[in-house]
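1. Quick one, fold the following:
(2 chains)
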Amino acid sequence: MQEGVVQIQERARAKKLETYPDLKTVDTTPVRVTLHDCLACSGCITSAETVMLEQQSVDEFMKQVSSEDKAVIVSISPQSRASLACYYGITPLQALKKLTTFFKSLGVKAVFDTSCSRDMSLIESCEEFIKMYKAQGKTNCFPLLASSCPGWVCYAEKTLDPYILPHISSVKSPQQTMGAIIKRFASFNMGLRVDQIHHVTVMPCYDKKLEASRDDFLFSIEEGNEEAGAGKFTEVDCVLTSGEMLELLQAKCSDFTLLDESPIDRMLTNVDETGHLYGSRGGSGGYAECIFRHAARELFNKELPSHLEFRTLRNSDFKELTLEVEGEVVLRFACCYGFRNIQNLVRKVKSGKCQYQFVEIMACPSGCLNGGGQIKPKKGQSGKDLIQSLETAYLNEVDVSDPFENPIIKGLYDFWLGYPGSEKSIQIMHTGYHTRERSVTAQLSNW
Amino acid sequence: MGVGAGEEEVQVSVVQELEGHSDRVWSVAWRPGSGISGRPAMLASCSGDKTVRLWQHGPSPSCFSPSWSCVAVLEEMHKRTVRSCEWSPDGRLLATASFDGTTAIWEDVGGDFECVASLEGHENEVKSVSWNASGTLLATCGRDKSVWIWELQPGNEFECASVLHGHSQDVKMVLWHPSEDILVSASYDNCIKVWIEDSDTEDWTCVQTIDESWGHTSTVWAVSFDSLGRRLVSCSNDLTLKVWDSSSKSFTDGNLWRHLCTISGYHERTIFSVDWSKTTGLIASAAGDDCIRIFSEDSDDKMTPDSGPATYKLLVRKEKAHSTDVNCVRWHLQEASLLASAGDDNTVKVWRVDYRNS
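-> Predicted coordinates:
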């Protein structure tokens, strides 16, 4: 016991291991990304990320627009379109037309719509699912987990065990798909070199900035186009959030609602000959519903009704969709939004108890319409009220359509990629995920 | 000292010193339903040695006899310090929170304790765990600044019901109200936060923050409710205890808890733990000066229940309760005179507190 006593005396007045009085000063230095910081969509606090954000700001956008050497192309997400439409009390179509007027007046070359590229993401996802389903037994990779939410992907890479990464869909998000289409194909049709293009997206989410800057999305020029220059190019150069878009509008035009409604750039926008917008249902992209519908058709020869009934589980952010054939559940899909629901899903996947074949995962509660980059509720408006009006606005005068029937996407496959899931599609429209080192402080184990 | 000081007598004597842990002991918890109706009293303790020890009294009928012994060591589960342990209200399950980032759930299976669940999700050190009154919800908190609420499902399955961000620093302790689903958290950010479930959003939300402007000016280490949950006591690195009152029971002004009084001038070092006796209403504190102190409401100054601000007076200071920091102090749930403490000296101590209020 004597030894023990000595040891105790030594430690007696030492600083308590649990207390770290200097943490408050330490914590003010931007070194640590916590789970919350990652998911709150506005928490880019490492110095590298701060630099990255400066490159993706309204100021940088204005600089590029006024640059002689650059052709700026803007792709607007349907969620941002809905956010601005709600804010100004106009329809999504009016919002898109007025945004086109606004951007063109600044010198932007073209304004597109990411519901168009999303249709390609959806088709590739359908294809990926069918392949995985047919390979069942050989490898069990279910559930397939959606990859379009960068908050979720970032969390999975930084915090979750590596076992979860193979479950994440390799299909690029609509933002990156649009970038790939514009810079690797459409630019040639537009008579632009890839190094001339500055591609800007307008997104409901701050984490889309992180996504745009991933090394996985750098590409080199293919053979035959060397004149465009050597080196690596980004698919998306600058991401502005809906909120930043509003700031820009407020700074640059006195009344947005009075702007003219310009013709829409139809090349990469879901607008039909009669001028109607079209796109898939679902404020977070409609991945679960679209793949479910496709799988029912391809695997079980079932045409599903236009309205699918999701069953709400423990809360409205956790819903499931099942298909029964002869009394047996053959397809079980889910939408799982918000961090607490993700936790439960991940725990189920880890313990092998997850029954789903596909899960549409989004980090934000209520999904992308409630993204951290959306315009904040007006005075007196509750968050819940705002989401409801966004959900209504989202499909207001927008025709629900089948991605496989999208003539633009059909054309891209015919003239460029071949077919869904082709070698070229996999090479250009898919990506990969990696375990990321935790920050230094998070690894310290002696606290 | 109050007028009636001489009329009250308190004696604190050690019943037994429980040795076994090989590192500092962080926390102790009395097992509900033990020590009454002929069932031997049981105490759980957790330590920097990565284990939980269960101590049981027997076979002597008086729990004040020095016949406590270690009946089980729960080990090989946690990879680092076990910081907090709490029994479910029915005494069936024991939850243990560890610096390894996990919270383990242990079930009594015929006297053997088996780990039946491990709750992962916190990014790093879990600092505290608490069961709600019905035993259906579990709260945890930790260095990642978050508070998690878990829902117990059939088959010892736990589902995450909420992940709450609001504190700007390490969260030291979570504690459920003794009867209602109201959660209180205390943090290194000097704040106490009150959380309830918002039926509108189907999620938990912070309804009150007691910050430095009217609360503690340094780390809040622990909180404890009185038997009915009308009052709350908090202890802090600012060397004070503060008592909060919620008898108005209204959220309308956004302040469920009002400041009732501050007990200052008694502690010279950090107060790590505070516990409000559910039987006698006495408040015990544990501090970095190796002392345990016991306070009572100064009823002599109170003409009627509503007149004037309440005051609390020091009844006794037990010097050298442990040979170094006292990390935790807990009253037995039914046996009014029984108190347990845990210290940096690797020991758990069981105390007899004789209190005569003539």
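
2. What about A:Y419, how many residues nearby?
-> Burial of A:Y419 is recorded as 12 neighbouring residues (other CB atoms under 10 Å in any protein chain shown). Where you see a C-beta, it was placed from the backbone N, CA and C, and this is true even at glycine.

3. For A:S125, see how far away it is.
-> 15 Å (CB to CB, to the nearest Å).

4. which helices and strands does the host helix or strand of B:A29 pack with?
-> Secondary structure from DSSP states H and E places B:A29 in strand B:25-30. Packing partners of strand B:25-30 (3 or more CB pairs under 8 Å, 6 or more residues apart in numbering or on different chains; DSSP states H and E): strand B:42-47, strand B:82-87, strand B:326-331, strand B:338-343.

5. and the third one, is it in reach of chain A?
-> No. Counting by CB under 8 Å from any CB of the partner chain, chain A is not contacted by strand B:326-331; separation bottoms out at 8.6 Å.

6. What lies in contact with that strand?
-> B:24-30, B:272-280, B:282, B:284-288, B:290-292, B:338-344 (CB atoms under 8 Å, 6 or more residues apart in numbering or on different chains).

7. Check the last one too.
-> Counting by CB under 8 Å, 6+ apart, the neighbours of strand B:338-343 from elsewhere in the structure are B:12, B:15, B:24-28, B:30, B:35, B:41, B:43, B:45, B:63-64, B:284, B:286, B:290, B:292, B:321-332, B:348-353.

8. try 6 Å this time
-> B:25, B:27-28, B:43, B:45, B:292, B:322, B:326-332, B:348-351, B:353 (CB atoms under 6 Å, 6 or more residues apart in numbering or on different chains).

9. Show me which residues of the longest helix seen in chain A are buried.
-> Using DSSP state H to define each element, chain A has its longest helix at helix A:114-134. If you call a residue buried by 16 or more other CB atoms under 10 Å in any protein chain shown, then helix A:114-134 has these buried ones: A:114-130, A:132-133.

10. swap in stretch A:162-172?
-> A:164-165, A:167-172.

11. want to try JSON lines for these, with pLDDT as columns?
-> Putting the buried residues of stretch A:162-172 into JSON lines (pLDDT from 0 to 100) gives the following:
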{"residue": "A:I164", "pLDDT": "92"}
{"residue": "A:L165", "pLDDT": "94"}
{"residue": "A:H167", "pLDDT": "95"}
{"residue": "A:I168", "pLDDT": "96"}
{"residue": "A:S169", "pLDDT": "97"}
{"residue": "A:S170", "pLDDT": "97"}
{"residue": "A:V171", "pLDDT": "98"}
{"residue": "A:K172", "pLDDT": "98"}
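
12. Between the residues you listed, which sits nearest chain B?
-> Ranked by distance to chain B (CB to the nearest CB), the buried residues of stretch A:162-172 are led by A:I164 at 12.3 Å.

13. just checking, that closest one touches A:Y155?
-> No. Checked against CB atoms under 6 Å, the pair A:I164 and A:Y155 is beyond contact range at 9.8 Å.

14. Show the subsequent helix or strand relative to the helix or strand containing A:A296.
-> Using DSSP H and E, the element containing A:A296 is helix A:287-300. Proceeding N to C from helix A:287-300, the next assigned helix or strand is strand A:311-312, under DSSP H and E.

15. That following strand - what's its average pLDDT?
-> For strand A:311-312, the mean pLDDT works out to 96.
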